[in-house]
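J.: Any chance you could fold what I've pasted below:
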Amino acid sequence: KTLYELCLRFPRGTDFENSEIVKGMDGYALLDKTGQLIYSPKNVLTKAEFEELSFYQVMELDVPYELYWNKVRIATSSLNFHGNKFVAETVRLYTTSHCPMVCGYCSSRSFIAESQQQKSAVMMLSASQIHQLIIHYVEKYGAKGFLFSDDTFLVGSKEGIKRAFDLCYLLIDSKSNGALPKDIVFNIQARVDEFLMRNDRNERVIDWDLMDTMEKAGFSGLGLGIETFSDNLLKCRSINKPIFSEEICRKVLDALLKKGLNPTFNLILVIPESTVEDLIHSIEVTLEYYLKGSQIAVTTLMDSFPGSSIHGCDDYAVTTKKWKNPYTGHIVNISDYFIPRDKIIASIIGQIKEVASREIEKIKNDFSWEQPVIPKAITGLSILMAVSRLVGRFDLADHIKNVICEDFQKHLHKEEKELKNIRS
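T.: As a prediction, this is how the structure comes out:
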């Protein structure tokens, strides 16, 4: 809203004073002619404004999805890998105002609080509003899949879980009465602990009712921010997921795989507090669950995001990269990623990308891979393989290489079989 207003006010040419343009506005920061910072916090976001931005305006948009989907379809073959269900005709939806969690490395929670200089409760579109958006995109554009891009769709609360159930019931009804295609699919981001509930003995157990209902509604992809399988690292300051444990992560992954909900878990490989033992343990468990059928998304280094709770802390050293203002020539240092405390891990971080890239090129050559996109799982496994080699675990690296080769052979055999069926 502020950006839109600024665009309307912005004059042509270069002879103007920034501070004059923004008079009467809120939600901006600028330098005046003297170089002094002028900051005006955003007015507190209201539920009405959130719904206007996330629902009412979205319903009025006219987006050239077909042009975008045509480009995406080119990569479909490489993305349907290792049991992954990729749908090119997918629409992203944002149904919550922000994430309520306080993961140490993440700055997402601070966006609204910092911009308006006070905290704000999480706002959600209702199940009915989300359902209306889905119907709208199917009828207007022919969407076949939806990705809820909220940091956590279930919001980590009873209200969020209830909203998920209510939406599932609406989707199930719409599929049964023909308002939605039966094969339409949904993908979300969520937290591991949101699939647990307390039983009569106050024990944390799998919420099978939630999983069953989501499966019936067509949810086929669940992204989970696990980050590490080390109990020590899950509780450390840079991760800050103290209610997680390896046992809980395993329990939820096993349940999701059993229900066919195709989990993808995110892994941050190089965590500042990590030891080599932590690193190898996470690699081994990640490989174990990949072989069980999970998808993986590997982030090599922990980025240093302004606004995260550990950004700027003296005991969390960071690398920086330089940025030069193309107009003034002024150079500033921008924080890049955190430097691991373990000396062995710190000594290899500059080599991981290069070693992993070489492994990927070898794989592409070995299997004559000519697709424009390498499967995300292969990229992730190549990073795990590179790190294993760099810390001297050549046996583990060779095992990962064999897993990659077997997966490629299965994929190529499947493609060849599908091609024969089409020709016949």
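
J.: Shouldn't residue 300 be within a helix?
T.: No. Assigned with DSSP: H, G, I helix; E, B strand; the rest coil, residue 300 falls outside any helix and is strand.

J.: In stretch 308-328, which residues are buried?
T.: 308, 309, 310, 311, 313, 316, 318 (16 or more other C-beta atoms under 10 Å). In this view, the C-beta of every residue, glycine as well, is placed from N, C-alpha and C.

J.: In strands, which of the residues you listed appear?
T.: Cross-referencing the buried residues of stretch 308-328 against strands under DSSP state E gives residue 318.

J.: Would you point out the most distant pair within the buried residues of stretch 308-328?
T.: Among the buried residues of stretch 308-328, the pair separated by the greatest distance (C-beta to C-beta) is 309 and 318, at 14.1 Å.

J.: Skipping adjacent residues, who's closest to residue 187 in space?
T.: residue 221 (3.6 Å; C-beta to C-beta, 6 or more residues apart in numbering).

J.: Same check on residue 319?
T.: residue 336 is the one closest to residue 319 (C-beta to C-beta, 6+ apart), at 4.5 Å.

J.: Please, which helix or strand holds the one you found?
T.: Assigned by DSSP states H and E, residue 336 falls within strand 331-338.

J.: List the contacts of that strand.
T.: With C-beta atoms under 8 Å, 6 or more residues apart in numbering as the test, strand 331-338 has contacts from 238, 272, 301-304, 306, 310-311, 316-325.

J.: can you pull the buried residues of it?
T.: For strand 331-338, the neighbour count (16+ other C-beta under 10 Å) marks 337, 338 as buried.

J.: Stretch 41-57 too?
T.: 42, 45, 50, 51, 54, 55.

J.: how much space between the residue nearest to residue 187 and residue 402?
T.: 27 Å (C-beta to C-beta, to the nearest Å).

J.: Mind checking which of the two has more residues around it?
T.: Neighbours per residue (other C-beta atoms under 10 Å) separate residue 221 from residue 402, with residue 221 holding more: 20 against 10.

J.: what's the helix or strand where the more buried one lies packed up against?
T.: Taking DSSP H and E as the criterion, residue 221 maps to strand 219-227. Counting contacts by 3 or more C-beta pairs under 8 Å, 6 or more residues apart in numbering; DSSP states H and E, strand 219-227 is packed against strand 185-190, helix 246-259, strand 263-270.

J.: and of the buried residues of stretch 41-57, the nearest to residue 182?
T.: Nearest member of the buried residues of stretch 41-57 to residue 182, counting by C-beta to C-beta, is residue 55, at 25.7 Å.

J.: residue contacts, residue 411?
T.: 81, 82, 375.

J.: if we go to 7 Å?
T.: Contacts for residue 411 were tallied using C-beta atoms under 7 Å, 6 or more residues apart in numbering; they are residue 81.

J.: How much space separates it from residue 358?
T.: Distance from residue 411 to residue 358, by C-beta to C-beta: 21 Å.

J.: repeat for residue 112
T.: Applying C-beta to C-beta to residue 112 and residue 358 gives a distance of 42 Å.

J.: what does residue 132 give?
T.: With C-beta to C-beta as the criterion, residue 132 and residue 358 are 49 Å apart.

J.: what does residue 342 give?
T.: Distance from residue 342 to residue 358, by C-beta to C-beta: 24 Å.

J.: Kindly report the same for residue 166.
T.: In terms of C-beta to C-beta, residue 166 sits 50 Å off from residue 358.

J.: which residues touch stretch 239-256?
T.: With C-beta under 7 Å, 6+ apart, stretch 239-256 has contacts from 102-105, 192-193, 195-196, 206, 211, 222, 226-229, 231, 233-235, 263, 265, 271, 289, 294.

J.: Okay, and which of the residues you listed map to helices?
T.: If you go by DSSP state H, the contacts of stretch 239-256 have 211, 231, 233, 234, 235, 289 in helices.

J.: In contact with the first one, which residues?
T.: The reference is to residue 211. Residue 211 is in contact with 195, 255, 256, 259, 261, counting by C-beta under 7 Å, 6+ apart.

J.: Of those, keep whichever come out buried.
T.: For the contacts of residue 211, buried by 16+ other C-beta under 10 Å: 195, 255, 256, 259, 261.
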